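S.K.: fold the following.
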Amino acid sequence: MKRKPVFAALAAAVVLAAGGGVAAASLGGDGGTSTASGKGTEATSHQGSEDARTGADDSTARDDAGRDSDDRDSDDRDDDARQDTARHDDDARERAQDAAEDKAEAAAARKLTAPDALAAALAHTPGRAVSAEIDDDPDGRLVWEVEILDRSGKLRHVDVSPSSGKVVRTQAERGEADDVRTAKALLTSGTTSAAKAARAAGARGTVVSVELEDERNGYWSVETGPEDAEWAVALDGATVTRESDD
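M.R.: Next up is the predicted model:
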């Protein structure tokens, strides 16, 4: 009897299937043989390799994205630092320019004091001065700019040279009607004049401007340089106080 080899081949096929392979048996009668393929194992191994490569690629992409983000943050910080430095430099240049202008104005005001500039302007255009300040004229020269309420009740602008003490330019000033009425009401015969206010504040520094203000029933606002200190001078007695203290 030759049936045992057949049972043996069947048993071998069952064993291969139990081992996880895909089994195929070819029975050929008495001389039957069996073959088995491990394709399932190969597919599993190949998929594992693909997953490993995909995972590695994802990790590399995340690392690259992280480096790009860090680079952008670093660039943003550098840009902010450059902008801060530029703003600081601009502020420093502006402060230096303002300081230079203040010194130049104070130097011009020492050549011809505010009271003397007011006297020269009023000698040329009689009336009541409402302001005087050192400033640039249209040609860029420092002059005393004096505003006068003349005897006809109109505002006149008179420029006086600090170097020569002479009037170099005059023109009509287009003032607001309310301002003109206020100046007329405040500058009565008994009030402190602009020149007297400048002399009173001159003890605190070099006067570079004096201007009539209508708040608090009126007073003279006087600035001394080059430190830009501001003083309030009363209209009824020339009492001087720091404006910041009022």
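
S.K.: now Asp91: which helix or strand?
M.R.: helix 39-111 (DSSP states H and E).

S.K.: same question, Gly190
M.R.: Applying DSSP H and E as the criterion places Gly190 outside every helix and strand.

S.K.: if I look at it, how far off is Ser152?
M.R.: Distance, Gly190 to Ser152, by C-beta to C-beta, to the nearest Å: 22 Å. Placement of C-beta: from N, CA and C, glycine included.

S.K.: again with Lys103
M.R.: 39 Å.

S.K.: which strands and helices lie in contact with the helix holding Asp91?
M.R.: Packing contacts for helix 39-111, counted by 3 or more C-beta pairs under 8 Å, 6 or more residues apart in numbering; DSSP states H and E, involve strand 127-136, strand 142-150, strand 206-213, strand 219-225.

S.K.: buried stuff in stretch 237-246?
M.R.: For stretch 237-246, a neighbour-count test (16 or more other C-beta atoms under 10 Å) marks Ala238, Val240 as buried.

S.K.: what mean pLDDT does that stretch have?
M.R.: Mean per-residue pLDDT for stretch 237-246: 81.

S.K.: quick one: residues contacting the spatially closest residue to Glu211 that is not a sequence neighbour.
M.R.: Excluding the flanking residues, the one nearest Glu211 by C-beta to C-beta, 6 or more residues apart in numbering is Ser131, at 4.2 Å. By C-beta atoms under 8 Å, 6 or more residues apart in numbering, the contact set of Ser131 is Glu145, Val146, Glu147, Ala194, Ser209, Val210, Glu211, Leu212.

S.K.: partners of the second one in the sheet?
M.R.: I take that to be Val146. Ala132, Val158 (DSSP bridges).

S.K.: any stretches of the chain with poor pLDDT?
M.R.: Residue ranges of the chain with pLDDT under 70: 1-57, 244-246.

S.K.: what lies in contact with stretch 204-213?
M.R.: Residues contacting stretch 204-213 (C-beta under 8 Å, 6+ apart): 105-106, 109-110, 113-114, 130-134, 183, 186-187, 194, 197-198, 201, 218-227, 229, 231, 233, 240.

S.K.: that older thread, got the helices and strands packed on helix 39-111 as TSV, with distance to Ala177 columns?
M.R.: Below are the helices and strands packed on helix 39-111 laid out as TSV (distance: least, C-beta to C-beta, whole Å):
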stretch	distance to Ala177
strand 127-136	14
strand 142-150	13
strand 206-213	16
strand 219-225	22
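
S.K.: among those, which is nearest Arg95?
M.R.: For Arg95, the closest of these is strand 219-225, at 15.3 Å, according to C-beta to C-beta.

S.K.: centre of the chain to the closest one, how far?
M.R.: 31 Å (C-alpha atoms, centre = their mean, to the nearest Å).

S.K.: dump that strand to CSV, keeping only the CA atoms.
M.R.: Output of strand 219-225 as CSV, limited to C-alpha atoms (Å, rounded to 0.1, in the frame of the first residue of the first chain):
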residue,chain,number,x,y,z
TYR,A,219,0.4,136.8,31.5
TRP,A,220,3.7,136.8,29.6
SER,A,221,5.2,133.5,28.7
VAL,A,222,9.0,133.9,28.6
GLU,A,223,11.5,131.3,27.5
THR,A,224,15.2,131.3,28.4
GLY,A,225,17.9,129.4,26.6
